[in-house]
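Undergrad: got a structure for you, letters missing:
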């Protein structure tokens, strides 16, 4: 199995996409995420067969009963599915851990041949082995671009 650990803010929800949504008067439950970033995630899934695992704190809203937050999460899932990258799993919450602990816990339960972490922050102090050679650090002002895509593809193949 191969996995793409996906953060949202700064990765597919970029300042440009947020600004465009604001200027177009879209409500958060109808936001359009960064189209280029989404396209690259879809390509990665198509070329490698990787599953998309949500590692963002947004995962905490997936099981919400709040209709507003539910609509936001449904919209996110719909847009990922539209590009051929449906959300398949989420990382667990690890008490006292960081992003590396959460990804590491998921990998402990779901061994992978290859994985890549698409994130805009380096939050990987507890289990650095999880990100060594697997982290593609995204500049939060631009989202996923070709150089990130190529690094991610290399990590997955």
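TA: Here it is on my side, so go on. What you see is a predicted model; the values in this text were computed from it and never measured.
Undergrad: Could I get the average pLDDT for stretch 104-122?
TA: Averaged over stretch 104-122, pLDDT sits at 96.
Undergrad: Repeat that for stretch 5-21.
TA: For stretch 5-21, the mean pLDDT works out to 94.
Undergrad: Identify, by residue count, the longest helix of the protein.
TA: As assigned by DSSP state H, the longest helix anywhere in the chain is helix 67-82.
Undergrad: What helices and strands are in contact with that one?
TA: If you count contacts as 3 or more CB pairs under 8 Å, 6 or more residues apart in numbering; DSSP states H and E, helix 67-82 packs onto helix 35-48, strand 87-90. The way it works is simple: take the backbone N, C-alpha and C, and place the C-beta from them, glycine included.
Undergrad: And residue 18, how far from residue 10?
TA: According to CB to CB, to the nearest Å, residue 18 and residue 10 sit 10 Å apart.
Undergrad: Compare neighbour counts for the two and give me the winner.
TA: residue 10 (22 against 16; other CB atoms under 10 Å).
Undergrad: what residues are up against that one?
TA: When contacts are counted by CB atoms under 8 Å, 6 or more residues apart in numbering, residue 10 touches 119-121, 138-141, 143.
Undergrad: can you list those in JSON lines and add distance to residue 91 and neighbour count?
TA: As requested, those are exported to JSON lines (distance: CB to CB, whole Å; neighbours: other CB atoms under 10 Å):
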{"residue": "119", "distance to residue 91": "12", "neighbour count": "25"}
{"residue": "120", "distance to residue 91": "16", "neighbour count": "20"}
{"residue": "121", "distance to residue 91": "15", "neighbour count": "13"}
{"residue": "138", "distance to residue 91": "17", "neighbour count": "23"}
{"residue": "139", "distance to residue 91": "23", "neighbour count": "14"}
{"residue": "140", "distance to residue 91": "20", "neighbour count": "16"}
{"residue": "141", "distance to residue 91": "25", "neighbour count": "10"}
{"residue": "143", "distance to residue 91": "21", "neighbour count": "25"}
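Undergrad: Out of these, which sit inside strands?
TA: Taking DSSP state E as the definition of strands, the contacts of residue 10 contribute residue 119.
Undergrad: Would you reformat the contacts of residue 10 as a markdown table and include distance to residue 40?
TA: Converted to a markdown table, the contacts of residue 10 look like this (distance: CB to CB, whole Å):
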| residue | distance to residue 40 |
| --- | --- |
| 119 | 14 |
| 120 | 14 |
| 121 | 19 |
| 138 | 10 |
| 139 | 14 |
| 140 | 15 |
| 141 | 16 |
| 143 | 9 |
